[in-house]
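Engineer: sequence unavailable; structure follows:
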């Protein structure tokens, strides 16, 4: 004799699914950024600038410093407000993250000063400084991943994708130096980033510092309908050679 049929599982509403961490786009974006920074750090550690090269910079070290600084500012600009206002208990999460981020920013500032021959940093050894950087970067990554995980559980897929896109886009235009002692949150933080972005650009030029630019993205050609509406037709090369 067969047993009683098992009741059908209740379908989960679409809206509920979208708010239960069904996409990892933001977490993947955070992981990709830190994996790239980790590779840059490993390369920078192998380079020991010579004393005669003081105040001239070193491209592998500059590459890591610029990437790390821009990423820290991008998190402040994009993720911190989102978790503070969109996640229960977000303020506590933000405080823990900011403690770790401040520690990393301070260590990065020491690296920048040592690289360019600051008299205040002459007694520091590169090996010890890089150990400090690696420890601080590991802690900052752990707290940032916690922020990304909480956001992924609390927000819907569309908003998570927008955050991931904004985070990636912001990293190409944020200040190129860490600035651990300026405001980082709220209107004051936005003003500070606006000011330091411009001052960093000026001093990067003065110091001939290596600051990679965001790669240019080719835009998709408009379709035939848009070409017609814009009165701006585009012809293929072979069509352009055809004479009336």
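Structural biologist: Great, that's in hand. From a predicted model like this one, the values you see are computed outputs, not experimental measurements. Residues are numbered from 1 along each chain as shown.

Engineer: following the helix or strand bottoming out on mean pLDDT in the chain, which helix or strand comes up?
Structural biologist: Ranked by mean pLDDT, DSSP states H and E, the helix or strand of the chain with the weakest confidence is helix 14-18, at a mean of 36. Toward the C-terminus, helix 14-18 is succeeded by helix 25-45 as the next helix or strand (DSSP states H and E).

Engineer: same question for that following helix, mean pLDDT?
Structural biologist: Helix 25-45 shows a mean pLDDT of 96.

Engineer: just stretch 131-143 next, same as before
Structural biologist: Average pLDDT, stretch 131-143: 97.

Engineer: which other residues reach that stretch?
Structural biologist: By C-beta atoms under 8 Å, 6 or more residues apart in numbering, the surrounding residues in contact with stretch 131-143 are 34, 37-38, 41, 68, 72, 96-97, 99-101, 103-104, 106-108, 110-111. C-beta here means a position set from N, CA and C on the backbone, and glycine is covered the same way.

Engineer: can you map out the helices along the chain?
Structural biologist: Using DSSP state H, the helices of the chain run over 14-18, 25-45, 59-86, 90-115, 126-154, 157-170, 186-206, 224-230, 237-240.

Engineer: buried sites along the longest one?
Structural biologist: When neighbours are counted by 16 or more other C-beta atoms under 10 Å, the buried residues of helix 126-154 are found to be 126, 129-130, 132-133, 136-137, 139-141, 143-144, 147-152, 154.

Engineer: any idea how far apart the tips of stretch 117-128 sit?
Structural biologist: 16 Å (C-alpha to C-alpha, to the nearest Å).

Engineer: the helices of the chain: which one's closest to residue 178?
Structural biologist: If you check each of these against residue 178 by C-beta to C-beta, helix 90-115 wins as the nearest, at 3.8 Å.

Engineer: by contact count, what packs against the closest one?
Structural biologist: Packed against helix 90-115 by the contact rule (3 or more C-beta pairs under 8 Å, 6 or more residues apart in numbering; DSSP states H and E) you find helix 59-86, helix 126-154.

Engineer: the last one vs helix 90-115, what angle?
Structural biologist: Read it as helix 126-154. 160 degrees (axes from the mean of the first three to the mean of the last three C-alpha atoms, to 10 degrees).

Engineer: what is the burial count for residue 101?
Structural biologist: Residue 101 has 25 neighbours, counted by other C-beta atoms under 10 Å.

Engineer: got a list of what it touches?
Structural biologist: By C-beta under 8 Å, 6+ apart, the residues touching residue 101 are 72, 75-76, 140, 143-144, 184.

Engineer: can you add distance to residue 172 and give the residues you listed back as CSV?
Structural biologist: Output for these, formatted as CSV (distance: C-beta to C-beta, whole Å):
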residue, distance to residue 172
72, 14
75, 14
76, 15
140, 20
143, 23
144, 18
184, 19
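
Engineer: any regions of this protein where pLDDT drops low?
Structural biologist: In the predicted model, the chain carries pLDDT under 70 at residues 1-22, 49-56, 119-123, 213-244.

Engineer: and if we set it to 80?
Structural biologist: 1-22, 48-57, 117-124, 212-244 (pLDDT under 80).

Engineer: centroid-nearest residue for it?
Structural biologist: With distances taken as C-alpha atoms, centre = their mean, residue 71 lies nearest the centre of the chain, 3.3 Å away.
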